[in-house]
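Peer 1: fold the following and give me the result.
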Amino acid sequence: MRWRKPPAGSPRTGSFPARRFDWGYVFPLKFCGFAVAGWGVWGVFRPVIGLQVLCTALASLLSAWIAGLHGAISAALGGAIAIIAGLAFAALAARSKAKSAGEALYAALRAEAVKVVLMILLLWVVLATYVNVVAIGLIGSFVAAVLVFTVAVAIQHKQR
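Peer 2: Residues are numbered from 1 along each chain as shown. Predicted coordinates for the structure are as follows:
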């Protein structure tokens, strides 16, 4: 781990100088090619994932109010499925080093296919293993998070 030294005249706490943590040194996020080619992709998907987390939290609160603890857990699982699939899509999009339009299309379709297969697999796992699942909370939160992902990516693409 590396710590940056504080600027001259900065406040000190106790006997240790106040230091600013630098994530770039400690956690470079090198998996799946983000550190090499994907920071632009990650910059697009980071706010989208944040919106998905917010949507999932709101759906969980609503489900907790309506259906209790199992409703909240079901909604959180539904949102988590969409978030995990979105992260997989972003990781595959970041790994792509397309040199032509055909290669870019192939990479996008492959990432989308992995996202859909992962969603189906994770939905099946949750529905098969969680006995007290509240289906409307699970599916509602899942659909909301997927729609947030799709709409937010489309809006960001139009703004660029």
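
Peer 1: which SS state does Lys99 fall under?
Peer 2: At Lys99 the chain is in coil, as set by DSSP: H, G, I helix; E, B strand; the rest coil.

Peer 1: tally of neighbours for it?
Peer 2: 7 (other CB atoms under 10 Å). Just so you know, the C-beta spots here come from the backbone N, C-alpha and C atoms, and that holds for glycine as well.

Peer 1: the one 4 residues further on too?
Peer 2: Around Glu103 sit 12 other residues, with neighbours defined as other CB under 10 Å.

Peer 1: try Ala91
Peer 2: 19.

Peer 1: could you tell me how far it is located from Ala107?
Peer 2: Per CB to CB, to the nearest Å, Ala91 is found 12 Å from Ala107.

Peer 1: show me where the chain has strands.
Peer 2: Along the chain, the segments classed as strands by DSSP state E run 3-4, 12-13, 16-17, 20-21.

Peer 1: list the buried residues in stretch 68-85.
Peer 2: Judged by neighbour count (16 or more other CB atoms under 10 Å), stretch 68-85 contains these buried residues: 70-83, 85.

Peer 1: residues contacting the residue nearest to Leu62 when sequence neighbours are not counted?
Peer 2: What sits nearest to Leu62 in space, not counting adjacent residues and going by CB to CB, 6 or more residues apart in numbering, is Ala75, at 7.4 Å. In this structure, Ala75 makes contact with 56, 59-60, 62-64, 134, 137-138, 140-141, judged by CB atoms under 8 Å, 6 or more residues apart in numbering.

Peer 1: need the contact list for Cys55.
Peer 2: 79, 141, 144-145, 148.

Peer 1: what residues are up against the spatially most central residue of the chain?
Peer 2: The centre of the chain sits closest to Ile49, judged by CA atoms, centre = their mean, with a distance of 3.9 Å. With contact taken as CB under 8 Å, 6+ apart, Ile49 is in contact with 83, 86-87, 90.

Peer 1: from the residues you listed, which land in helices?
Peer 2: 83, 86-87, 90 (DSSP state H).

Peer 1: and these, which are buried?
Peer 2: 83, 86-87, 90.

Peer 1: just those residues now: which is nearest Val126?
Peer 2: Relative to Val126, the closest of these is Ile83; by CB to CB it sits at 13.3 Å.
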